[in-house]
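Q: structure for the following, please:
(chains A and B)
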Amino acid sequence: MTVLFDGTAEGEVLVLAAPLSFWGGVSWETGAIINARHPQVGEIVTGKILVVPEPVGSSSSSAVLLELIRAGRAPAAIVLGRPDAILVVACLVAREMGWPAPPILVVPGCAETPPGRARVADGRFEVFPAIRPASGPAA
Amino acid sequence: MVNLTDEESAIAAGRDGEGAAVALRLVAESGRLLGADRLVPVASAHIDGCLYHGDSGTEFAEFLVAKGARARVPATLNVGALDLLRPGNVRLAGARREMALRLMRAYEALGCRTTWTCAPYQAGHRPALGSDVAWGESNAVVFCNSVLGARTNRYGDFLDIACAIAGRAPRYGLHLPENRRASVLVDTSGISEALKGKEAFWPVLGAWLGRTVGEAVAVIDGIAAHASEDRLKALGAAAASTGAVALFHIAGATPEAPDAAAILAEPHTRIALTPEAVREARSLLSTATGDAVDAVAVGSPHFSAGEVADLLRLLAGRRVRVPIYLNTSRHVLGRLEREGRLAPLSEAGVVPIVDTCVVVTPILPAGGGVLMTNSGKFAFYAPGNTGYGVLFGSLADCVESAVAGRLVRDEAGWQ
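A: Here you go, the predicted model:
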């Protein structure tokens, strides 16, 4: 695990099920996934521990993330499957501007993160899986 | 770890002011993330951050201005969201229009040249073969690397202006000669010379290339005899839209590839281009069916003076029934005006757009419809960005369709 941009955050896990470019893929006004071809279209990234197994996309994605940061609509933290600079550039700019920016980590194999809550602190990524209801008919 | 020189450390610590320090820190930190060992001085920059995507971009540019930042190297500006010479062309309104204008003015105040074009290489900005530069805008990047042989990565928003102010870029990727070699050889011997000679073959080839190789560097063999600067420009723009191509070589035509062997890496993969693949790539550039055409757009990248001359020749004095939006630079527009070629365009019903273009800001009539274009890049982005369906054709097809007010497309040679 590598810390690309340090910070502390906690929130609900949202694992991207398919690659997504922030530019053209996430609304800078609402934080919603807007790419109609994406399986999670309509989901909101704001406040989530956003898990991005495969970072892709336009270099204007940094502008979209910076806009989300300024509006208070950014993910709480971003967990990448491999290093990528485009999203981190937005956090570097936000830091220079004095705007609180989400931590960004690289966690290989993060596609397997289970649903639930997670915490990023002191360079650690801790996951608290949701408690699933017991299987079988209720008593 | 990025090793900074004493000079760079001094700039990062504020020797040249806080604006220069912010820029140098951004370049150095990004370099760390990208795996650069040090920074490389750049001869020029092309800045793509002047297109409005929300207020934070304006605030960042104005923050740099307030901190006293100035571009340290010659820097040209890409398109903004407004046509500053013909403001009525763009329907952006209210606070957004004001912030888009403030953004453009802030980049001007940073000492960048007000070129407002995605084809800076046809507006006097042509870095030397082998020089390191920091360019943004995907089509400009691929032209700069491939056709001019200058060296740049795809520098995105914020990093582009930071490199211009710092006068340096992270040393990685395409700044390094070993990464400029081709890992893919495209064999075009299965394609007829007649097809290779068609102007519309080139953006189709680009669209195929981007989809096929992604971000890999390819050398295309067997088409040099048909190459021209505007054809290479169309190829690169399409390849950088459907894929992340930042550099291609044409054996015998682009400066780093006197022949294929000279630039091929070992090992490499060989791909044979087939007529079926060309047909499929061409058909993927259209999303609309039927023969309705509501508008025609040309000039992505911005039309050169030569391409405008082709348009005038094809119009041959006729008036169009549906408007042709001619996207070009103020540099080319000024030249047309001086040469008396602007009046014939207006009389024919052509609408010149400068400083911006029809897929990045609201210019096309609201409500959607079908847009016809000869640009692979417009064909790729128009459906998502404008809501218009797209029909792709040659420039001659576009002109004949605009004159007829419905789709007219010459299918000869494509079957």
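Q: what ranges does chain A have for its helices?
A: For chain A, the helices defined by DSSP state H occupy A:61-70, A:86-97.
Q: closest to chain B out of the ones you listed?
A: Chain B lies closest to helix A:61-70 among the helices of chain A, at 3.5 Å (CB to the nearest CB). All C-beta spots, glycine's among them, are computed from the backbone N, C-alpha and C.
Q: identify all contacting residues around the closest one.
A: A:21-23, A:26, A:28, A:31, A:45-46, A:74-75, A:86-87, A:89-91, A:93-94, A:97, A:99-102, B:49, B:53-57, B:59-60, B:156-159 (CB atoms under 8 Å, 6 or more residues apart in numbering or on different chains).
Q: do the same with stretch A:7-16
A: With contact meaning CB under 8 Å, 6+ apart, stretch A:7-16 is reached by A:40, A:43, A:45, A:47-54, A:75-77, A:101-103, A:110-111, A:113-122, A:127.
Q: beta partners of the one residue sitting closest to the centre of chain A?
A: In chain A, the centroid-proximal residue (CA atoms, centre = their mean) is A:Leu50; its distance is 2.2 Å. Beta-bridge pairing for A:Leu50 (DSSP bridges): A:Leu14, A:Ile78.
Q: so which strand or helix has B:Arg102?
A: If you go by DSSP states H and E, B:Arg102 is part of helix B:94-109.
Q: B:Val65 contacts B:Cys112, doesn't it?
A: No. Between B:Val65 and B:Cys112 there is no contact, the gap being 11.2 Å when judged by CB atoms under 8 Å.
Q: so B:Ala12 makes contact with B:Leu26?
A: No. At 9.9 Å, B:Ala12 and B:Leu26 do not qualify as touching, with contact defined as CB under 8 Å.
Q: state the pLDDT value of the residue in chain A positioned nearest to chain B.
A: The minimum distance from chain A to chain B, using CB to the nearest CB, falls at A:Ser59 (2.4 Å). A:Ser59 is assigned a pLDDT of 73 by the prediction.
Q: on that earlier part again, from the contacts of helix A:61-70, which would you call buried?
A: Among those, the ones that count as buried by 16 or more other CB atoms under 10 Å in any protein chain shown are A:21-23, A:26, A:28, A:31, A:45-46, A:74-75, A:86-87, A:89-91, A:93-94, A:97, A:99, A:101-102, B:49, B:53-57, B:59-60, B:156-159.
Q: the residue nearest to B:Arg321 when sequence neighbours are not counted: how many residues sit nearby?
A: Among residues not flanking B:Arg321 along the chain, B:Gly405 sits closest, at 3.3 Å (CB to CB, 6 or more residues apart in numbering or on different chains). Around B:Gly405 there are 14 other residues, counting by other CB atoms under 10 Å in any protein chain shown.
Q: how far away is B:Gly405 from B:Leu34?
A: 51 Å (CB to CB, to the nearest Å).
Q: and if you look at B:Trp116?
A: 29 Å.
Q: same deal with B:Ala240?
A: Going from B:Ala240 to B:Leu34 by CB to CB gives 19 Å.
Q: circling back to that earlier point, tell me who's in contact with the residue nearest to the centre of chain A.
A: Applying CB under 8 Å, 6+ apart, the residues near A:Leu50 are A:14, A:16, A:75-79.
Q: who wins on neighbours among these?
A: Ranked by neighbour count (other CB under 10 Å), those have A:Ile78 at the top, with 29 neighbours.
Q: can you tell me the element the residue of chain B found nearest chain A falls in?
A: At 2.4 Å from chain A, B:Gly156 is the closest residue in chain B, using CB to the nearest CB. With elements delineated by DSSP H and E, B:Gly156 resides in a region that no helix or strand encompasses.
Q: ignoring the adjacent residues along the chain, who's closest to it?
A: That would be A:Ser59: by CB to CB, 6+ apart, it lies 2.4 Å from B:Gly156.
Q: again, but for B:Asp16
A: Distance criterion CB to CB, 6+ apart; nearest residue to B:Asp16, sequence neighbours excluded, is B:Ala10 at 7.9 Å.
Q: SS state for the one you found?
A: Per DSSP: H, G, I helix; E, B strand; the rest coil, the local secondary structure of B:Ala10 is helix.
Q: pull the number of nearby residues for residue 106.
A: Unless you meant another one, I'm taking chain A. A:Val106 has 18 nearby residues by other CB under 10 Å.
Q: sorry, should have said chain B
A: Neighbourhood size, B:Ala106 [other CB under 10 Å]: 23.
Q: now swap in the one 10 residues further on and tell me
A: The burial metric for B:Trp116, expressed as a neighbour count using other CB under 10 Å, is 28.
Q: which residues touch the nearest residue to it once chain neighbours are set aside?
A: In this structure, B:Trp116 finds its nearest non-sequential neighbour in B:Asp355, 3.8 Å apart by CB to CB, 6+ apart. Going by CB under 8 Å, 6+ apart, B:Asp355 touches B:79-80, B:82-85, B:116-117, B:329-330.
Q: which outside residues touch the helix or strand where B:Asn139 lies?
A: If you go by DSSP H and E, B:Asn139 is part of helix B:138-143. For helix B:138-143, contacts defined as CB under 8 Å, 6+ apart pick out A:59, B:46, B:48, B:78, B:118-121, B:135, B:152-155, B:232-233, B:236-237, B:239-241, B:244-248, B:300-301, B:377.
Q: which pLDDT does the model give B:Arg313?
A: The model's pLDDT for B:Arg313 equals 97.
Q: oh, that last question was meant for A:Ala139, not what I typed.
A: pLDDT recorded at A:Ala139 is 40.
Q: and the lowest-mean-pLDDT helix or strand in chain B, what does it pack against?
A: When each helix and strand of chain B is scored by mean pLDDT, DSSP states H and E, helix B:376-386 comes last, with a mean of 90. Helix B:376-386 sits against helix B:201-213, helix B:229-242, strand B:295-303, strand B:370-373, strand B:389-392, with contacts defined as 3 or more CB pairs under 8 Å, 6 or more residues apart in numbering or on different chains; DSSP states H and E.
Q: can you put those in a markdown table and add mean pLDDT, mean neighbour count and distance to chain A?
A: As requested, the helices and strands packed on helix B:376-386 are exported to a markdown table (pLDDT from 0 to 100; neighbours: other CB atoms under 10 Å in any protein chain shown; distance: least, CB to the nearest CB, whole Å):
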| stretch | mean pLDDT | mean neighbour count | distance to chain A |
| --- | --- | --- | --- |
| helix B:201-213 | 97 | 26 | 13 |
| helix B:229-242 | 96 | 26 | 10 |
| strand B:295-303 | 98 | 28 | 16 |
| strand B:370-373 | 98 | 29 | 18 |
| strand B:389-392 | 97 | 24 | 15 |
